[in-house]
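Novice: Sharing a model prediction with you, sequence too.
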2 protein chains.
Amino acid sequence: MLNRVRSAVAHLVSSGGASPPRPKSPDLPSTTSAPPAAAPETPKSPPARPGSESGASAKTVETRASFSRPTFLQLSPGGLRRADDHAGRAVQSPPDRGRRLPWSTGYAEVINAGKSRHNEDQACCEVVYVEGRRSVTGAPREPSPSQGLCFYYWGLFDGHAGGGAAEMASRLLHRHIREQLKDLVEILQDPSPPPLCLPGTSGTPGCSDSTHLTGPQSCSSSQKEVTHESLVVGAIENAFQLMDEQMARERERRGHQVEGGCCALVVVYLLGKVYVANAGDSRAIIVRNGEIIPMSREFTPETERQRLQLLGFLKPELLGGEFTHLEFPRRVQPKELGQRMLYRDQNMTGWAYKKIELEDLRFPLVCGEGKKARVMATIGVTRGLGDHNLKVCSSTLPIKPFLSCFPEVRVYDLTQYEHCPDDVLVLGTDGLWDVTNDCEVAATVDRVLSAYEPNDPSRFFFLPSPLLSPLTCPECSQTLLKLHPSADVSSKLVSLPRSFLSFRFIHTRHLPNISMKAHWHFTSTHLNPLFSP
Amino acid sequence: MLNRVRSAVAHLVSSGGASPPRPKSPDLPSTTSAPPAAAPETPKSPPARPGSESGASAKTVETRASFSRPTFLQLSPGGLRRADDHAGRAVQSPPDRGRRLPWSTGYAEVINAGKSRHNEDQACCEVVYVEGRRSVTGAPREPSPSQGLCFYYWGLFDGHAGGGAAEMASRLLHRHIREQLKDLVEILQDPSPPPLCLPGTSGTPGCSDSTHLTGPQSCSSSQKEVTHESLVVGAIENAFQLMDEQMARERERRGHQVEGGCCALVVVYLLGKVYVANAGDSRAIIVRNGEIIPMSREFTPETERQRLQLLGFLKPELLGGEFTHLEFPRRVQPKELGQRMLYRDQNMTGWAYKKIELEDLRFPLVCGEGKKARVMATIGVTRGLGDHNLKVCSSTLPIKPFLSCFPEVRVYDLTQYEHCPDDVLVLGTDGLWDVTNDCEVAATVDRVLSAYEPNDPSRFFFLPSPLLSPLTCPECSQTLLKLHPSADVSSKLVSLPRSFLSFRFIHTRHLPNISMKAHWHFTSTHLNPLFSP
């Protein structure tokens, strides 16, 4: 459906797929002031931290690849070619040697099944240090190395219509989050409620005048209570929006280099809480003592039908006279004029009959079911980043107004629950969930880990090859999904045993009838960061 | 907050509160063709059915009361005066003598605590017969008395800013539902999937030509599946919309006679399923074997914040330059210009800081918390019927565009569950839920019914006075809520024992600090209609 050729990504991705040196400062303009969020500074490279990207012992490969893979895969030129082999569909995961992913994260991906020229997906796994801005509350600040904050970050970016957006998001979204958190470094570490007001930014009245600070003590008692947690949620939400706006500007400047769009599923671990932000149709679950806790929901034309229809109803100019905001069970045919057909309006969850009129012959804004559901007959997801130039096929009508860059953020407080060694967090793009489900994943986790003695340290170590406990393909009973426990060496340093799995999704080329895209996932159960700030 | 005096309701309500003779045909114009729903006919009086309103043995009272109460209360002039006594706050429930409510329904109400001149709430309880239209599928129709459908109907209408809307809704909403169901009489009784298309209405091509019927068999195989259930949901949804449109027309024609608005919580039992439709802040729960099953959710400025903000963002003209769609923890003050304050935009669930600009000094579209939350500083509910003339205080800015007349409909399939004799459905307006909660209600149900022997037939009979098992007021430990089992005599006819409760909400005038409004509820556990069509 989205058959746009991603071109010139190599211009943006200057050094190929295998461990390109990360830019010290991203070759991107600063995000200018964009209301209503405060203008962030140009994202800067984070200071080197243990386990962060700059601490990786990756080799630099000079080959300019036609597509790039996540740095942490440390792909050699041969590995990159294998990763680009549609016929072989090799499973890629981080090598046993060298640097491992923080927090005992496992990862695996496989190329898609020919839907696009390259694997358009990307991933990111970082430990990000946030240095506080000059005291935001105006109070004198004591210089102290502990004043910064550290967050762990995992991101899956399921690209479409080109790989540029996913590439950009995997490089920059966590930096936007860091920018948004900079103002909050002091506030989040202060147990008192967040101040209602902060002094203005540089150049605005009150910037350096601490008397302008309006703390909760000086506010009306009828003000709404705002939690620290909701500040982190707001920071992530605004980071998504600023990332999307930056893509729009880059799209203007660089054209096809920032082609396409991507779903974004990211996890931020900060101060004891896990924030899962999802914009698209990827999915995150926590498996806790065999119980499944959904940490996201999918945003598709079906789940967001009423939002889309409402927008088309309120802003009919966005439909360009080509689409109707009404939904019908199928396309209305001219011969059905005057008859009454089943329909749904934006306020309805049920169906009713309406007399077919001329404008009902337009194509429905939302059509199709399940994996075939589409907005404007074009795109099957309704949230994500990018897509600023996405047009209706054979038309100049933009689709972007119907897409939302805002994630839904769910929060999981790690300190509120008892966790057993087999508990994991699994993130997967739709390619994974198309062929398995939450229960199967939970059962597989249980099956694999129970094969070890509880105190067997090897269950927490990275194993070089997939273990058993395969899931079989429902079509042909062939091995479909394998998983294996893996571990960061640092896991031995924490007191409680922790488990972590890396899924391996192996679908053979003998099953071309199952749509399969690359998938990714990370798992983690560590309750404490390995690298505290 | 809404202190409009309802005037001239007596003109609409021609014969006072105590069992007024129901109009044979409501003194209201037909609903003209209003896209997208098909135009209904003028609602007509339903044919007399056992247990329906026209079968009631109510006395006609000639007194023109200044306010009216539901017919089934059969209030005498003295009872009407007591019902209007703000000081006494007598609990009103149907008399033991005479006609009882269908399906062993219990009911109780109490006047509000002086927030308005009269009790602005209304209620309705009916058995409604739906006669099918001339064969809608075009097939020859065999005349048969069994071709009609019967549904049971309960409605609570929590009025505000005048009693006209609640009055009108209690008289007409079930008739709009009946109109919407007329086309579906044949379809709902046919186990095959609903036809995609029906012939056009009278005067339109294909009306009488059965070859225009496009059944599922002649449709593309890619069409969406539509269930019978979703047709009933759609019928209820459109009935709400048409009811609201009719109120708008009446408001134009009759002015203050149709003043105000109302929350609407209605239940339709049809063909084995219970449909609970809620537009407002009333609440329905099912208590099944001690378990609470929520059958509605409340629509308030807090729960619908993002819908309201989105509308203000997309249609800023609706804010009239007086309001901002952004939310702040409290009203922004001019001296805070240039500082950064916490805010939420329509896409955010979290909070962030933004620099305060001039337009942020406008009043927030959504403000306040809990019971004090308001849209445009005026109204505390965001869905319901009426309010077509509601304006922002000291302004001409209409509030109606932000209110939705569409209900959320939840479906409960009675045939899918085992029910014990103590299972009930409870409907209550916010006055009930402000002072008690789901668990307390469930516990009280259990406490009262367990005081009887399981086979004691008296547990299913209406008792003339409140029984024990009081809930105590959290403020003063005084008796607050009493309930008693009641029964329709017909319950003896059904094979399984059924229970039914009528709550009595007794709040004394010694507790003026607790806001209290009239409340209502119905309970039912009958799995089969008493009066099958």
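Specialist: Happy to help now that I have it.
Novice: Just give me the longest helix of chain A.
Specialist: helix A:228-254 (DSSP state H).
Novice: Just checking that one against chain B, any contact.
Specialist: Yes: using C-beta under 8 Å from any C-beta of the partner chain, we find that helix A:228-254 touches chain B at A:E229, A:S230, A:L231, A:V232, A:V233, A:G234, A:A235, A:I236, A:E237, A:N238, A:Q241. For every residue, glycine as well, the C-beta is placed using N, CA and C.
Novice: so what's the residue of the stretch 251-400 of chain A found nearest chain B up against?
Specialist: The stretch 251-400 of chain A approaches chain B most closely through A:G350 (2.8 Å), counting by C-beta to the nearest C-beta. Taking C-beta atoms under 8 Å, 6 or more residues apart in numbering or on different chains as the criterion, A:G350 is in contact with A:R344, B:E229, B:S230, B:L231, B:V232, B:V233, B:G234, B:A235, B:I236, B:E237, B:V409.
Novice: circling back to that earlier point, how about the longest helix of chain A: buried residues?
Specialist: By neighbour count on 16 or more other C-beta atoms under 10 Å in any protein chain shown, the buried set for helix A:228-254 is A:228-251, A:254.
Novice: what do you get for stretch A:68-88?
Specialist: Buried-residue list, stretch A:68-88, by 16+ other C-beta under 10 Å: A:68-76, A:79-80, A:82-84.
Novice: Which single one of those is nearest to chain B?
Specialist: When these are compared for distance to chain B (C-beta to the nearest C-beta), A:P70 wins out at 27.9 Å.
Novice: need the contact list for the nearest residue to that closest one once chain neighbours are set aside.
Specialist: Nearest residue to A:P70, sequence neighbours excluded (C-beta to C-beta, 6 or more residues apart in numbering or on different chains): A:A123, at 4.6 Å. Contact analysis of A:A123 by C-beta under 8 Å, 6+ apart lists A:P70, A:F72, A:Y107, A:E109, A:W154, A:G155, A:L156, A:F157, A:S170, A:W520.
Novice: Would you mind getting the angle between the strand or helix carrying A:A123 and helix A:228-254?
Specialist: A:A123 belongs to strand A:122-130 when elements are defined using DSSP states H and E. For strand A:122-130 against helix A:228-254, the angle by axes from the mean of the first three to the mean of the last three C-alpha atoms, to 10 degrees is 120 degrees.
Novice: Report the mean confidence score over strand A:122-130.
Specialist: Mean pLDDT, computed over strand A:122-130, is 90.
Novice: would you list every one of the strands in the stretch 301-450 of chain A?
Specialist: Remark: strands assigned in the stretch 301-450 of chain A by DSSP state E, counting those that start in this stretch are A:323-324, A:340-343, A:352-355, A:363-364, A:366-367, A:374-375, A:385-386, A:408-413, A:424-428.
Novice: Select, out of those, the one closest to B:P364.
Specialist: B:P364 lies closest to strand A:408-413 among the strands of the stretch 301-450 of chain A, at 22.4 Å (C-beta to C-beta).
Novice: what's next to the closest one, contact-wise?
Specialist: A:229, A:233, A:236-237, A:272-279, A:286, A:293, A:295-297, A:299, B:349-350.
Novice: can you rerun that using 7 Å?
Specialist: A:229, A:233, A:236-237, A:272-278, A:286, A:295-297, B:349-350 (C-beta atoms under 7 Å, 6 or more residues apart in numbering or on different chains).
Novice: List the buried residues for that strand?
Specialist: Buried-residue list, strand A:408-413, by 16+ other C-beta under 10 Å: A:E408, A:V409, A:R410, A:V411, A:Y412.
Novice: separation between A:R249 and A:G159?
Specialist: 19 Å (C-beta to C-beta, to the nearest Å).
Novice: Please read the previous query as pertaining to A:E304.
Specialist: Taken as C-beta to C-beta, the span from A:E304 to A:G159 is 20 Å.
Novice: Could you check how many residues crowd around A:R383?
Specialist: 24 (other C-beta atoms under 10 Å in any protein chain shown).
Novice: now A:Q189
Specialist: With other C-beta under 10 Å as criterion, A:Q189 counts 14.
Novice: which residues does the residue nearest to it when sequence neighbours are not counted bridge with?
Specialist: Leaving out its chain neighbours, the residue that sits closest to A:Q189 by C-beta to C-beta, 6+ apart is A:L149, at 7.2 Å. A:L149 forms beta bridges with A:V130, as assigned by DSSP bridges.
Novice: Pull up the per-residue confidence for A:L149.
Specialist: With respect to pLDDT, A:L149 has a value of 93.
Novice: does it really touch A:E186, like I thought?
Specialist: No: counting by C-beta atoms under 7 Å, A:L149 does not reach A:E186; the two are 9.5 Å apart.
Novice: and the two? which has more neighbours close in?
Specialist: Per other C-beta under 10 Å, whichever of A:L149 and A:E186 has more neighbours is A:L149, with 21 against 17.
Novice: where does the stretch 401-533 of chain A have low pLDDT?
Specialist: A:421, A:435, A:444-533 (pLDDT under 70).
Novice: which bits of it sit near chain B?
Specialist: A:S404, A:F406, A:V409 (C-beta under 7 Å from any C-beta of the partner chain).
Novice: mind redoing it with 6 Å?
Specialist: A:F406 (C-beta under 6 Å from any C-beta of the partner chain).
Novice: Who does A:V274 form a beta bridge with?
Specialist: A:Y269, A:Y412.
Novice: any weak-confidence spans in the stretch 251-400 of chain A?
Specialist: Where the stretch 251-400 of chain A drops to pLDDT under 70, the residues are A:255-257.
Novice: Spell out which residues of it are next to chain B.
Specialist: Counting by C-beta under 6 Å from any C-beta, the stretch 251-400 of chain A sits next to chain B at A:314, A:329-330, A:336, A:338-342, A:345, A:347-354, A:369.
Novice: Just the buried subset of those residues, please.
Specialist: Judged by 16+ other C-beta under 10 Å, buried ones among those: A:329-330, A:336, A:338-342, A:345, A:347-354.
Novice: Just give me the closest of the contacts of A:A123 to chain B.
Specialist: Proximity of the contacts of A:A123 to chain B (C-beta to the nearest C-beta) peaks at A:G155, which lies at 18.3 Å.
Novice: picking up where we left off before, between A:E304 and A:G159, which is the more surrounded one?
Specialist: Ranked by neighbour count (other C-beta under 10 Å), A:E304 and A:G159 place A:G159 first, with 32 against 22.
Novice: Can you tell me the SS state at that one?
Specialist: Of the three states, A:G159 takes strand under DSSP: H, G, I helix; E, B strand; the rest coil.
Novice: Bridged to it, which residues?
Specialist: Beta-bridge partners, per DSSP bridges, of A:G159: A:C262.
Novice: From what I see, it and A:A166 are in contact.
Specialist: Yes: using C-beta atoms under 6 Å, A:G159 is in contact with A:A166, at 3.4 Å.
Novice: Pull up the overlap in contacts between these two.
Specialist: A:E120, A:D121, A:C262 (C-beta atoms under 6 Å, 6 or more residues apart in numbering or on different chains).
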